[in-house]
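Chemist: Build me a model from this:
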Amino acid sequence: MSAELIILVLLIATALAFDFTNGFHDTGNAMATSIATKALKPKTAVILAGILNLVGAFLSVEVAVTVTTSVLKIQDGKTGSLVSGIDASTGLTIIFAGLIGGILWNLLTWLFGIPSSSSHALFGGLIGAGLAALGLAGVNWSGVLGKVIIPALAAPFIAGLVAACGTWMVYRITRNVMKKRREDGFRWGQIATASLVALSHGTNDAQKTMGVIALALITTGHLTGDVKENGLPFWVIASCALAIGLGTYIGGWRVIRTLGKGLVEIESPQGLAAEASSAAIILSSSAAGMALSTTHVATGSILGSGVGKPGAQVRWAVAGRMAAAWLITLPAAALVGALSFWLSHGVEALTGSGLAGDGLIFVILVGLSGYMYWRAQQQKVDHNNVNADWDESSNSVVPAEVRDASKDAPAQPTASV
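Modeler: Below you'll find the model as predicted:
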């Protein structure tokens, strides 16, 4: 097996690992409000979300086309040939380094329970690696602006406005209905709207990994031509669908807790309005090929549901922390992507082996990922405590009783997240 083929296999495995982290990082986008209002049991919610994410991944390739053509300028979208000055080894390292930036940012924000954008982490990583390898000319700035930046800025506000109006109307129309009867009725509606969000998440987010794998296959000559016209190999679609479905089933409980309990104390009418708003916006963006952040949409909708309900309390401190993370997602992931490329390229220059360079950054990825997972297990958030009361004094995603238990066991290492 040639070194190039080994690197390609490692890259595809890393891309599927990103897809997996995307799944568990974004489970809360669909199911956080349904879990918070007890419309669905936590385990039932993540199983349903996992199945619908898997199904949704088969419905479209528009966003995958965006990833292959609108972020980096390393291949011709029509012919599939590499642009001048880029060889297959360099192209693979760019994509590899970009994936590392996306995965590490996903895991770091999951550790702290911050619902940040997996999409922007991926694009940031790819942009950073592209800049490190090719300079400004290596990035398709018009595509990034039109397909990534503008939707990122507009989507949360549009989602929030739609959800706020919907929530206000729901409470206005049902103001004479008994609270318990209203809650029970809307919980059933939440199951339908949460399912639609999970399905739409599969149509949008799984395709981003499909696009990355397609880009790698084009770079090595295993795939040629226009992805939009010729489609993608079935194994690419199926493997990405399975990876995001399994990731969603695992359940990113730390992020689910922040979205379900940290922003607003949600009632079922608010949950239904937020989920309906999110589903409509995500599905329309997928049809238009916009690589939208489903996290931004879901968060904007939840905040809007708090604004729209008379007398609701919105925790703006938590929202502010999330907004800060959103602002630094692209540059932070870009920095990691650039550093990963430079490290791999430097090792290749010393050893004469691209496999040595890419192998080293892969090992670093595995090590850092394992460390963050270990830290999370020291103060674990799972389906048993995801709905515990939110501690407004610390705004920590870890429930107070879990933190207190850690303090009572000094021999056990702790991680205050």
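Chemist: So which bits of stretch 12-24 are buried?
Modeler: Buried residues in stretch 12-24, counted by 16 or more other Cβ atoms under 10 Å: Ile12, Thr14, Ala15, Leu16, Ala17, Phe18, Asp19, Phe20, Thr21, Asn22, Gly23, Phe24. (C-beta placed from N, C-alpha, C; glycine too.)
Chemist: Tabulate the residues you listed in JSON lines, adding columns for pLDDT.
Modeler: Output for the buried residues of stretch 12-24, formatted as JSON lines (pLDDT from 0 to 100):
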{"residue": "Ile12", "pLDDT": "95"}
{"residue": "Thr14", "pLDDT": "96"}
{"residue": "Ala15", "pLDDT": "95"}
{"residue": "Leu16", "pLDDT": "96"}
{"residue": "Ala17", "pLDDT": "95"}
{"residue": "Phe18", "pLDDT": "95"}
{"residue": "Asp19", "pLDDT": "94"}
{"residue": "Phe20", "pLDDT": "94"}
{"residue": "Thr21", "pLDDT": "94"}
{"residue": "Asn22", "pLDDT": "91"}
{"residue": "Gly23", "pLDDT": "90"}
{"residue": "Phe24", "pLDDT": "88"}
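Chemist: okay, those in CSV with secondary structure and distance to Val347 next?
Modeler: Formatted as CSV, those follow (DSSP: H, G, I helix; E, B strand; the rest coil; distance: Cβ to Cβ, whole Å):
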residue, secondary structure, distance to Val347
Ile12, helix, 21
Thr14, helix, 17
Ala15, helix, 21
Leu16, helix, 24
Ala17, helix, 21
Phe18, helix, 22
Asp19, helix, 27
Phe20, helix, 27
Thr21, helix, 25
Asn22, helix, 28
Gly23, helix, 31
Phe24, helix, 31
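Chemist: residue ranges of the helices in the stretch 151-300 of the chain, please?
Modeler: Using DSSP state H, counting those that start in this stretch, the helices of the stretch 151-300 of the chain run over residues 179-219, 227-230, 234-250, 253-257, 268-287, 294-308.
Chemist: Might you list the low-confidence residue ranges for the stretch 301-417 of the chain?
Modeler: Low-confidence segments of the stretch 301-417 of the chain (pLDDT under 70): 408-417.
Chemist: can you tell me which residues contact Ala17?
Modeler: Ile103, Ala243 (Cβ atoms under 8 Å, 6 or more residues apart in numbering).
Chemist: Out of the helices of the stretch 151-300 of the chain, flag the one nearest His120.
Modeler: Nearest to His120, of all the helices of the stretch 151-300 of the chain, is helix 294-308, at 8.4 Å by Cβ to Cβ.
Chemist: wouldn't Thr33 be in contact with Ile191 here?
Modeler: No. With contact defined as Cβ atoms under 8 Å, Thr33 does not reach Ile191; the gap is 11.2 Å.
Chemist: how far away is Val55 from Ile328?
Modeler: Distance of Val55 to Ile328, computed by Cβ to Cβ, to the nearest Å: 34 Å.
Chemist: Same check on Ser285?
Modeler: Taking Cβ to Cβ, one finds Ser285 at 23 Å from Ile328.
Chemist: ok so, going back, rebuild the buried residues of stretch 12-24 as TSV, extending it with distance to Ala323.
Modeler: Shown next, in TSV, are these (distance: Cβ to Cβ, whole Å):
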residue	distance to Ala323
Ile12	34
Thr14	29
Ala15	29
Leu16	30
Ala17	28
Phe18	24
Asp19	26
Phe20	26
Thr21	22
Asn22	21
Gly23	24
Phe24	22
